[in-house]
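Engineer: Got a predicted structure here, sequence first:
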Amino acid sequence: MIFENIPVIKYEGAESKNPLAFKFYDPEKIVMGKPMKEYLPFAMAWWHNLGAAGTDMFGRDTADKSFGAEKGTMEHAKAKVDAGFEFMQKLGIKYFCFHDVDLVPEADDINETNRRIDELSDYILEKMQGTDIKCLWGTANMFSNPRYMNGAGSSNSADVFCFAAAQIKKALDTTVKLGGKGYVFWGGREGYETLLNTDMKFEQDNIARLMRYAVDYGRSIGFTGDFYIEPKPKEPMKHQYDFDAATAIAFLRQHGLDKDFKMNIEANHATLAGHTFQHDLRVSRINGMLGSVDANQGDYLLGWDTDEFPYDVYEVTMCMYEVIKAGGLTGGFNFDAKSRRPSYTVEDMFESYILGMDTFALGLIKAAKLIEDGRIDKFVEDRYASYKSGIGAKIVAGEASLAELAAYACEMGAPELPSSGKQERLEGVVNQILFA
Ligand code: XLS
Ligand code: CA
Ligand code: CA
């Protein structure tokens, strides 16, 4: 046992003051006809939970994530597996997500890296037996190594493009081996620093080519899950091509990739794009492209990707509203989040996940209430009532002509003002649902 002093985390209810207990996440509790755990397929992010130890631009690690082994060795890679499985089992988490190089230390030669990945994924498979833990999605890290300084699919170097292909192939093989439901492309460095040296069209076409090669290969080895784009507007690049959900969806359609891909929406990325989390979820949902969620939050005072554990119940309620309306996720909720640097203890690892899971449980309960209450949905429905009959119905049916609409308007003189948006009333309804 690695986390000897940590018990199995149980639901104790809203009155509990035990930091190592759930206050709201009650996996069997029925919400809108289904147990909570079915609405909330949580996943552990290998890189943050088992890797990130607090290093930032100004200082080194604060947390000890050695798990009793020497970092950079295969023993350490295996210790991370042991720690990860004990962690997930104690919290009742059923999924994990990984990058290739989160699993094993990258070697100088890719053949050796691949051998290590095989050895480690065998070990993970062994660990999976007798548990109901599975892989949610895998991905390849095509942004950390200096070779990717100009991106992977968008690199000016064809050799780097091929290296990326090799990493994707192995990450896909491993995802399939671990029964993964999805495969993620996060843009990483697929963007540019200056247009003075950039052929934007060529780079975007090449990213699509890399994705097409990946889809064809994935399908050929029996991968039936979804590929995901995870939009992000900037960081590390000044401008990233997968700016937001709308941009990524248009890109997929332009390149004929929209049948194989969906969105993996990360809260902190949506807000970096100048949207709310709910906005990017809504854009994905109404386009039938909402696949999975990277569950975290940003800081409204900071302009970068802080990957904080979500505590904002308002934001998460709106997320769950979109998820329920979408009929659930085919993917899950991956906590792409890290404890703050001064929260460096083992207890903090668990308390961070408890916070995130409780926040999503609350969000689910409140979103269900919002829908059952019906006032918001009814208001939106009624707001467009003028399109239900008369000239409005004709417009929607596509049976009018511009000349006919113009004649209608000229006869009318001037339209009345549209009905009030009642924003403040609706905001009050949400507060009432959240706090009454
Ligand atoms: C970085 C991204 C990354 C992806 C997976 O900002 O969130 O961690 O989720 O490559
Ligand atoms: Ca992410
Ligand atoms: Ca992020």
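Structural biologist: Cool, got the structure. Numbering: from 1, shown residues only. Ligands and ions are numbered 1, 2, ... in the order given.
Engineer: Looking from ligand 1, tell me which residue of the stretch 151-300 of the chain is nearest.
Structural biologist: Ligand 1 sits closest to residue 186 of the stretch 151-300 of the chain, with a gap of 3.6 Å, by CB to the nearest ligand atom. Heads up, the C-betas are built off the backbone N, CA and C, glycines and all.
Engineer: what's near enough to touch the closest residue to that residue other than its chain neighbours?
Structural biologist: Leaving aside its sequence neighbours, residue 186 sits nearest to residue 230 (CB to CB, 6 or more residues apart in numbering; 4.1 Å). Residue 230 makes contacts with 184, 185, 186, 187, 242, 263, 264, 265, 266, 269, 294, as judged by CB atoms under 8 Å, 6 or more residues apart in numbering.
Engineer: Can you report phi and psi for residue 230?
Structural biologist: Backbone torsions for residue 230, taken as degrees, to the nearest 10, come to phi -110, psi 100.
Engineer: Can you tell me how far it is from ligand 2?
Structural biologist: Look at residue 230 and ligand 2: by CB to the ion, to the nearest Å, they are 5 Å apart.
Engineer: Minimum pLDDT in the contacts of residue 230, which residue is that?
Structural biologist: On pLDDT alone, residue 187 ranks lowest of the contacts of residue 230, at 93.
Engineer: neighbours around that one, how many?
Structural biologist: As a burial measure, residue 187 scores 27 neighbours (other CB atoms under 10 Å).
Engineer: right, and it touches residue 234 too?
Structural biologist: No. The pair residue 187 and residue 234 does not pass the contact test of CB atoms under 8 Å, sitting 9.9 Å apart.
Engineer: circling back to that earlier point, torsion angles phi and psi at the residue of the stretch 151-300 of the chain closest to ligand 1?
Structural biologist: Note on residue 186: its backbone torsions stand at phi -100, psi 130 [degrees, to the nearest 10].
Engineer: List the residues that contact it.
Structural biologist: By CB under 8 Å, 6+ apart, residue 186 lies in contact with 139, 229, 230, 232, 242, 264.
Engineer: run the last query once more with 10 Å
Structural biologist: Residue 186 makes contact with 99, 139-143, 228-232, 240, 242, 264, 266, 269, 294, 336, according to CB atoms under 10 Å, 6 or more residues apart in numbering.
Engineer: what does stretch 410-424 rub up against?
Structural biologist: 379, 382, 383, 384, 385, 386, 391, 409, 428, 429.
Engineer: before we move on, back to that, now for residue 187 and residue 234: what residues contact both?
Structural biologist: Contact criterion CB under 10 Å, 6+ apart; residues shared by residue 187 and residue 234: 240, 243, 269.
Engineer: just checking, what's the longest helix in the protein?
Structural biologist: Longest helix in the chain by number of residues, with DSSP state H as the criterion: helix 346-373.
Engineer: buried set for that helix?
Structural biologist: Within helix 346-373, the residues that count as buried by 16 or more other CB atoms under 10 Å are 346, 349-371.
Engineer: need the next SSE after it, C-terminal direction.
Structural biologist: Later in the chain than helix 346-373, the nearest helix or strand by DSSP states H and E is helix 375-383.
Engineer: Now the helix or strand following that next one: buried residues?
Structural biologist: Downstream of helix 375-383, the first helix or strand assigned by DSSP H and E is helix 390-396. Applying a neighbour-count criterion of 16+ other CB under 10 Å, one finds residue 394 buried in helix 390-396.
Engineer: hang on, the earlier thing: what's the ChimeraX syntax to select whichever of the contacts of stretch 410-424 are buried?
Structural biologist: Here is the ChimeraX command that selects the buried residues among those (16+ other CB under 10 Å):
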select :429
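Engineer: Can I get the contacts of stretch 410-424 in a markdown table including distance to residue 327 and pLDDT?
Structural biologist: Putting these into a markdown table (distance: CB to CB, whole Å; pLDDT from 0 to 100) gives the following:
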| residue | distance to residue 327 | pLDDT |
| --- | --- | --- |
| 379 | 22 | 98 |
| 382 | 24 | 98 |
| 383 | 23 | 98 |
| 384 | 22 | 98 |
| 385 | 26 | 98 |
| 386 | 29 | 98 |
| 391 | 34 | 98 |
| 409 | 39 | 98 |
| 428 | 29 | 98 |
| 429 | 24 | 98 |
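Engineer: ok and the residue in the stretch 151-300 of the chain nearest ligand 2?
Structural biologist: The nearest approach of the stretch 151-300 of the chain to ligand 2 comes at residue 294, 3.8 Å away (CB to the ion).
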